[in-house]
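Colleague: next one to model:
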Amino acid sequence: MKKLGPREYWPVAQAAKQLGSTVDDMVHAAGQRQIQLCINLFQSVEEACCHRVPMPDEGLTEQEKNMGWQDEPLESQEHQAQTEFWGRTRSCMPTGIYELYYDDARRLELSIAGSIYMKEAVRFDGQDWWIVEFRQVVEVNQEQLVLRHEELQKFMDQKSNGAAGELDKREHTAYLNVIGLLSHILRNRPGKELSEAALIQSMLTAEMKLRSDPNARPLYGLSERSLQDKLKHARHSLSMAGVQMPQAKKMEETPRAELQ
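Modeller: Below is the predicted model:
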């Protein structure tokens with residue numbers, strides 16, 4: 001018999017049992033941004049309209065700029081603030097599954113009736129995040145809460161390793177050190193010295209050439225601003241470890257260059 005793969009999502013009661021917790025504790029944790037809960041509204045709501053959410057390192061597409069999307073009510077400070085917490089998943093969310101806003105989790109925790117009313121939520125289609133407005137307000141209670149398998153697995157891994165948080169920090173530092181050293185090596189090859197700006201442009205050009213779809217958006221984390229930020233943090237990480245790296249040159253002083 002063919003073995004079934006892992007569940008895409010778990011009812012919150014079953015997930016709480018797996019984690020040795022309670023549903024109330026998980027709702028509280030969701031309101032404190034410690035865990036990401038979702039809601040299962042399959043065949044319970046009808047979507048009225050959707051708005052794509054630009055990720056922090058991406059910005060708006062030309063079409064969205066021309067449409068004045070940034071001026072619409074949904075592009076509020078609240079939604080901008082939440083974009084840094086979106087993107088937990090890298091797989092398409094099943095039909096009818098939406099992320100539970102942190103503020104909605106707090107409302108649910110404080111609800112005397114044990115339910116809240118929602119008019120919008122967010123979902124991921126495998127490539128982009130969308131703010132979804134429902135045609136009618138929907139009542140949501142704890143029985144409709146679910147936890148995606150990848151989120152459950154993350155906490156199960158931490159549970160089986162008491163030092164998971166410390167290991168994650170060390171691993172993050174290790175990645176930064178690797179990035180910083182590789183950047184230094186690539187920029188200082190004999191006869192092919194590059195400024196940091198030129199290295200970034202080379203990476204952007206390479207990513208563009210390697211796409212199967214030239215019209216697709218850059219891979220998450222590979223925008224110019226994101227690369228600048230990552231290389232900056234990589235230099236700082238090496239500096240804190242006692243490795244002094246040369247200062248990056250200004251973007252306008254450096255012509256575009258490609259890695260050979």
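
Colleague: where do the strands sit along this structure?
Modeller: Across the chain, reading from the start of the chain, the strands by DSSP state E fall at 9-11, 38-40, 47-53, 97-99, 115-124, 129-141, 145-148.

Colleague: distance of Q34 relative to L152?
Modeller: Between Q34 and L152 the computed distance is 14 Å (Cβ to Cβ, to the nearest Å). Any C-beta I mention is one placed from the backbone N, CA and C, and that applies to glycine too.

Colleague: from the chain's centre, how far out does the top helix by length along the chain sit?
Modeller: Longest helix in the chain, counting residues (DSSP state H): helix 164-187. Mean C-alpha position of helix 164-187 versus that of the full chain (Cα atoms, centre = their mean, to the nearest Å) differs by 19 Å.

Colleague: among the strands of the chain, which gets the worst mean confidence?
Modeller: Sorting these by mean pLDDT places strand 47-53 lowest, at a mean of 87.

Colleague: which non-adjacent residue is nearest Q43?
Modeller: Leaving aside its sequence neighbours, Q43 sits nearest to G96 (Cβ to Cβ, 6 or more residues apart in numbering; 6.7 Å).

Colleague: distance of A113 from L238?
Modeller: Using Cβ to Cβ, we find A113 at a distance of 54 Å from L238.

Colleague: tell me the most buried of the strands of the chain?
Modeller: Highest mean neighbour count among the strands of the chain (mean count of other Cβ atoms under 10 Å): strand 145-148, with a mean of 25.

Colleague: list the neighbouring strands of it plus their orientation.
Modeller: In the sheet, strand 145-148 lines up against strand 9-11 (antiparallel), strand 38-40 (antiparallel) (DSSP bridges).

Colleague: show me the contact partners of the first one.
Modeller: Counting contacts by Cβ atoms under 8 Å, 6 or more residues apart in numbering, the residues outside strand 9-11 that touch it are 18, 38, 40, 94, 97, 143, 145-149, 152.

Colleague: all helices of the stretch 151-260 of the chain, in order?
Modeller: Counting by DSSP state H, counting those that start in this stretch, the stretch 151-260 of the chain has helices at residues 164-187, 196-210, 224-240.

Colleague: dump those helices to TSV, plus distance to F134.
Modeller: Listed next are the helices of the stretch 151-260 of the chain as TSV, based on distance: least, Cβ to Cβ, whole Å:
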stretch	distance to F134
helix 164-187	36
helix 196-210	36
helix 224-240	32
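
Colleague: what's the closest of these to Q136?
Modeller: Closest approach to Q136 among these (Cβ to Cβ): helix 224-240, 38.3 Å.

Colleague: what is the closest one packed up against?
Modeller: Counting contacts by 3 or more Cβ pairs under 8 Å, 6 or more residues apart in numbering; DSSP states H and E, helix 224-240 is packed against helix 164-187, helix 196-210.

Colleague: E207 - nearest residue in space that isn't next to it in sequence?
Modeller: Taking Cβ to Cβ, 6+ apart, and ignoring the residues beside it in sequence, E207 has L222 as its nearest neighbour in space, at 5.3 Å.

Colleague: so that neighbour touches M208, yeah?
Modeller: No. Here L222 lies out of contact with M208, judged by Cβ atoms under 8 Å, at a distance of 9.8 Å.

Colleague: more neighbours: which of those two?
Modeller: When neighbours are counted by other Cβ atoms under 10 Å, L222 comes out ahead of the other of L222 and M208, with 18 against 12.
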